[in-house]
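Chemist: just the structure for this:
(2 chains)
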There are 2 protein chains.
Amino acid sequence: MKQYKILLFIADGLGDRPVSKLDFKTPLEAVDKPNFRELLKSSLVGLMDPISPGVVAGSDTSHLSIFGLDPKRYYKGRGAFEAIGAGARLKGGDVAFRGNFATVNDDLIIKDRRAGRKIEEADELVRELNEKIKEIDGVEVKFYHGTEHRVAVVLSGKGISDKISDTDPHEVGKKVLESKPLTSTEEAKKTADIVNKLTRRVYEVLSASTYNKQRVEKGELPANIILLRGAAEYEELPPFESYTKLRAAAVSATALIKGICEQLGMKVVTPKGATGGLDTNYLGKAEEAARLLREYDFVFLHLKATDAASHDGNIEGKKYAIEMMDKMLGKILDQFGSELVIAVTGDHTTPVEVKEHTGDPVPFMIYMPYNTLVFDSVRDFNEREVRRGSLRIRGLDVMNILLNYSNRAEKYGA
Amino acid sequence: MKQYKILLFIADGLGDRPVSKLDFKTPLEAVDKPNFRELLKSSLVGLMDPISPGVVAGSDTSHLSIFGLDPKRYYKGRGAFEAIGAGARLKGGDVAFRGNFATVNDDLIIKDRRAGRKIEEADELVRELNEKIKEIDGVEVKFYHGTEHRVAVVLSGKGISDKISDTDPHEVGKKVLESKPLTSTEEAKKTADIVNKLTRRVYEVLSASTYNKQRVEKGELPANIILLRGAAEYEELPPFESYTKLRAAAVSATALIKGICEQLGMKVVTPKGATGGLDTNYLGKAEEAARLLREYDFVFLHLKATDAASHDGNIEGKKYAIEMMDKMLGKILDQFGSELVIAVTGDHTTPVEVKEHTGDPVPFMIYMPYNTLVFDSVRDFNEREVRRGSLRIRGLDVMNILLNYSNRAEKYGA
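Modeler: A predicted model of the protein is given here:
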């Protein structure tokens, strides 16, 4: 059987609910999508629960699941994936923390848990920390700046553990906490000790920083401490190619998603003008995907604009992003042709009127470039219509379905 | 988002099959249910497998699963849950047995495995055992009367194990068995030893009991031994509130279900006239549920009548119980209003012509008090019609779905 190449197109937060201002149509229902309609003639469709029914997925847990990796095994807490989203590339056994730049007095009593939130000098402060604190007790330390006051801190070395308590007391007026081991292992004791030394060192470096002196002169709060929480050990993700046999590339402009794809060993491309927002270069991303399809077996095309619009409650924006999704599919068909398996779905539902992730299932479709299959005769790709399709799957099923219908699956058993 | 309260209404053994005497309609199909019809306008519906497709669930494993606890982890054998149904409240590590009052001669040869089955003095005999046998070798012993000849025995203490063999030879004319350790651990040896000493003590106490002397005088068989089987360690159930964040109450008249709910830390109420049978106080239970909904986030309403009718092969009885279910929903809507999420399902299928549990999936529906969702347009709640809905879930999904649609779910990931 001919093996086809695979395009997996995930629009972040694609799933939605009926919107009162759209006469109770969902955004997917409200947009005419001629390229989708064409593909649906040779497709299987249905609903996908990224994790399992009702579970409100994050983008991290959902993408892991869709890439075939059970988050119950690979997702040990937000710290590690927050660090990946902030640019860290982790090794198995690394322990990562979520952190806040914060303001404390000399007694380490917290005055502001976010040091005013907007910290223009954050990148410089993080660079300074990385220059001056490279290790504690033989364990490597790295700092990464996320957005605003958010930082990630990664410890790398032998004999460390994520079974330690936060230094963040989560309350102004309280003192920065001592980290404590949460189990009686040597690893936990050692790691808590390192974190406490690290906290003291961070305070010394940041207090002495000229950037903080400038902040104080400007009347701003100094970002003179990092409060740590959510220690999480990173469980090494296996290379995507090792378990799918697919040479894979990804097109994305979103730090967290790019990070996950890089950790999986995919080639990751962010085309010019791709922003992760509504103003992204939709057709540029599609062109890049078409280009990569010539070279790779599997191309993952990620669009953040749908989720960005949803979180902003921007109904017209979400409609526009969906319109552009249809044009992106058209562009790929124009440039690469239809001789490939194409799956389209979301990583979770973010209803534009809710503005947050919900646990509703997401529409899913898979187009096959051959006519010898009992297809689901569904006319449109939206939350209502796909229910007439035959698929009711979970995120963990997606890669198996793609491998099967691209004639690339290996037999399980004899 | 507004967080809604949740009613979970489980009719025991609700699922059924086409009944020849009902022109091959199922009982749910044969009953007009106006309140269900009304709720279905804003509902998702489908089929639920309490454990997984085809598995014949018991009420214990099914309720665990529906409450979000995997029976593979929490259900270690019938002994523990039989004891809970007989009134025991267990601690993690307790070892419980199912037992029969039986009749033996002086050589412990079994004359009757159930001591005639009807044992009017059973409560008194159990009380006497509890007074006279409080511990063996430092391990606490408690006896509980179930129904008829059935008793449960619970051992509490350190260093005990459920890896021991039965004393019940399951055959008349055989001698009561010595319990033997099934593993080479000290715990198993110690527990088998305790069980053998216990069996001897039980024989002494029961043989000397005046209640047994009266039985013999009446020409009845003395209940002079307890045959033990199905040793099961109790795995501590986590408080329901700890993993759902829901303050929860239950309305039930069924010992096993009440026991499970109490072990989960729910407030449990049995309204006046609630019997667990077809003669139960249906509307009294509904009123109690409506009352509890004012105070609690989550109310679990359990109805046994459907299962009781099914086990009796009582077709008209099952129809009547279903009719009353509809009235119960009406009563709750009258008293509390419709501003809540309502799920209705069964814990398993007990076809009224089979009279036993089967592994068929059970109809499931969840009503939402808002109109911004793509609902399943299904006209009636029965085994045939619900297949047109979008849900095909497992028991373990139920709580996640309830939390999601009541806007109470926490995000898994970021």
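Chemist: could you use CA atoms for every contact and neighbour count after this?
Modeler: Will do.
Chemist: what helices or strands is the helix or strand hosting A:Thr191 leaning on?
Modeler: Assigned by DSSP states H and E, A:Thr191 falls within helix A:186-208. Packing partners of helix A:186-208 (3 or more C-alpha pairs under 8 Å, 6 or more residues apart in numbering or on different chains; DSSP states H and E): helix A:122-132, strand A:135-136, strand A:225-233.
Chemist: and the closest residue to A:Asp123 other than its chain neighbours, what are its bridge partners?
Modeler: Spatially, and ignoring its direct neighbours in sequence, A:Asp123 is nearest to A:His145 (6.3 Å; C-alpha to C-alpha, 6 or more residues apart in numbering or on different chains). Beta-bridge partners recorded for A:His145 (DSSP bridges): A:Val151.
Chemist: I'd like to know how many residues surround A:His145.
Modeler: Per other C-alpha atoms under 10 Å in any protein chain shown, the neighbour tally for A:His145 reads 24.
Chemist: which residues does it contact?
Modeler: By C-alpha atoms under 8 Å, 6 or more residues apart in numbering or on different chains, the residues touching A:His145 are A:86-87, A:122-123, A:126, A:151-152.
Chemist: show me where chain A has its helices.
Modeler: All helices of chain A, identified by DSSP state H, fall at A:27-30, A:34-40, A:59-66, A:71-74, A:78-85, A:122-132, A:186-208, A:210-217, A:240-244, A:255-263, A:282-295, A:305-311, A:315-336, A:398-405.
Chemist: could you dump those to TSV with mean pLDDT?
Modeler: Supplementary listing: the helices of chain A in TSV, determined by pLDDT from 0 to 100:
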stretch	mean pLDDT
helix A:27-30	98
helix A:34-40	98
helix A:59-66	98
helix A:71-74	96
helix A:78-85	92
helix A:122-132	97
helix A:186-208	97
helix A:210-217	95
helix A:240-244	98
helix A:255-263	96
helix A:282-295	98
helix A:305-311	97
helix A:315-336	98
helix A:398-405	98
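Chemist: run a quick neighbour tally on A:Asn224.
Modeler: By other C-alpha under 10 Å, neighbour count at A:Asn224 equals 24.
Chemist: same thing with A:Lys272?
Modeler: Per other C-alpha under 10 Å, the neighbour tally for A:Lys272 reads 12.
Chemist: and the two most separated of the contacts of A:His145?
Modeler: Using C-alpha to C-alpha, those span at most 14.4 Å, a distance reached by A:Gly87 and A:Ala122.
Chemist: quick one, which of the two is more surrounded?
Modeler: Using other C-alpha under 10 Å, the more surrounded residue of A:Gly87 and A:Ala122 is A:Ala122, with 22 against 18.
Chemist: now the more buried one, nearest residue through space, not along the chain?
Modeler: A:His145 (6.9 Å).
Chemist: quick one: contacts for the residue in the stretch 201-350 of chain A positioned nearest to chain B?
Modeler: Ranked by C-alpha to the nearest C-alpha, the top residue of the stretch 201-350 of chain A for proximity to chain B is A:Leu256, at 9.7 Å. Contact analysis of A:Leu256 by C-alpha under 8 Å, 6+ apart lists A:60, A:81-82, A:84-86.
Chemist: and chain B, which of those contact it?
Modeler: With the criterion set as C-alpha under 8 Å from any C-alpha of the partner chain, the members of the contacts of A:Leu256 near chain B are A:Asp60.
Chemist: reformat the contacts of A:Leu256 as JSON lines; add neighbour count.
Modeler: Below are the contacts of A:Leu256 laid out as JSON lines (neighbours: other C-alpha atoms under 10 Å in any protein chain shown):
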{"residue": "A:Asp60", "neighbour count": "22"}
{"residue": "A:Phe81", "neighbour count": "30"}
{"residue": "A:Glu82", "neighbour count": "29"}
{"residue": "A:Ile84", "neighbour count": "26"}
{"residue": "A:Gly85", "neighbour count": "23"}
{"residue": "A:Ala86", "neighbour count": "22"}
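Chemist: what's around the residue lying closest to A:Ile109 once chain neighbours are set aside, how many residues?
Modeler: Excluding the flanking residues, the one nearest A:Ile109 by C-alpha to C-alpha, 6+ apart is A:Lys175, at 4.1 Å. Using other C-alpha under 10 Å, the number of residues around A:Lys175 comes to 18.
Chemist: and what of A:Phe375?
Modeler: Residues lying near A:Phe375 (other C-alpha under 10 Å) number 18.
Chemist: just to check, it is in contact with A:Met365?
Modeler: No: the criterion here is C-alpha atoms under 8 Å, and A:Phe375 misses it with A:Met365 at 10.8 Å.
Chemist: overlap in contacts of the two?
Modeler: A:43-44.
Chemist: distance to A:Lys158 added to the helices and strands packed on helix A:186-208, as CSV?
Modeler: Compiled in CSV, the helices and strands packed on helix A:186-208 are given as follows (distance: least, C-alpha to C-alpha, whole Å):
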stretch, distance to A:Lys158
helix A:122-132, 20
strand A:135-136, 12
strand A:225-233, 12
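Chemist: just these: most buried one?
Modeler: Most buried of the helices and strands packed on helix A:186-208 by mean neighbour count (mean count of other C-alpha atoms under 10 Å in any protein chain shown) is strand A:225-233; its value is a mean of 26.
Chemist: how about the residues of the stretch 51-200 of chain A near chain B?
Modeler: Residues of the stretch 51-200 of chain A lying near chain B (C-alpha under 8 Å from any C-alpha): A:52-61, A:77-78.
Chemist: could you redo the last one with a cut-off of 6 Å?
Modeler: Neighbours of chain B within the stretch 51-200 of chain A, by C-alpha under 6 Å from any C-alpha of the partner chain: A:53-58, A:61.
Chemist: out of these, the closest to A:Glu353 would be?
Modeler: Set against A:Glu353, the nearest of those by C-alpha to C-alpha is A:Val56 (16.2 Å).
Chemist: can I see the domain layout of chain A?
Modeler: Using automatic domain parsing, the domain parsing of chain A gives A:5-73+A:237-405, A:79-233.
Chemist: for the closest residue to chain B within the stretch 251-400 of chain A, give me its contacts.
Modeler: In the stretch 251-400 of chain A, the residue that lies nearest chain B is A:Gly359 (5.6 Å; C-alpha to the nearest C-alpha). Under the criterion of C-alpha atoms under 6 Å, 6 or more residues apart in numbering or on different chains, the neighbours of A:Gly359 are A:54-56, B:404.
Chemist: repeat that with 8 Å
Modeler: Neighbour list for A:Gly359: A:49, A:53-57, A:348-349, B:401, B:404-405, B:409 [criterion: C-alpha under 8 Å, 6+ apart].
Chemist: one more: A:Lys285?
Modeler: So A:Lys285 contacts A:251-252, A:270-271, A:274, A:301, A:328 (C-alpha under 8 Å, 6+ apart).
Chemist: just send those residues back as TSV, with neighbour count and distance to B:Gly68 too.
Modeler: Shown next, in TSV, are the contacts of A:Lys285 (neighbours: other C-alpha atoms under 10 Å in any protein chain shown; distance: C-alpha to C-alpha, whole Å):
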residue	neighbour count	distance to B:Gly68
A:Val251	26	38
A:Ser252	25	36
A:Thr270	17	41
A:Pro271	20	44
A:Ala274	22	42
A:Leu301	21	35
A:Met328	22	41
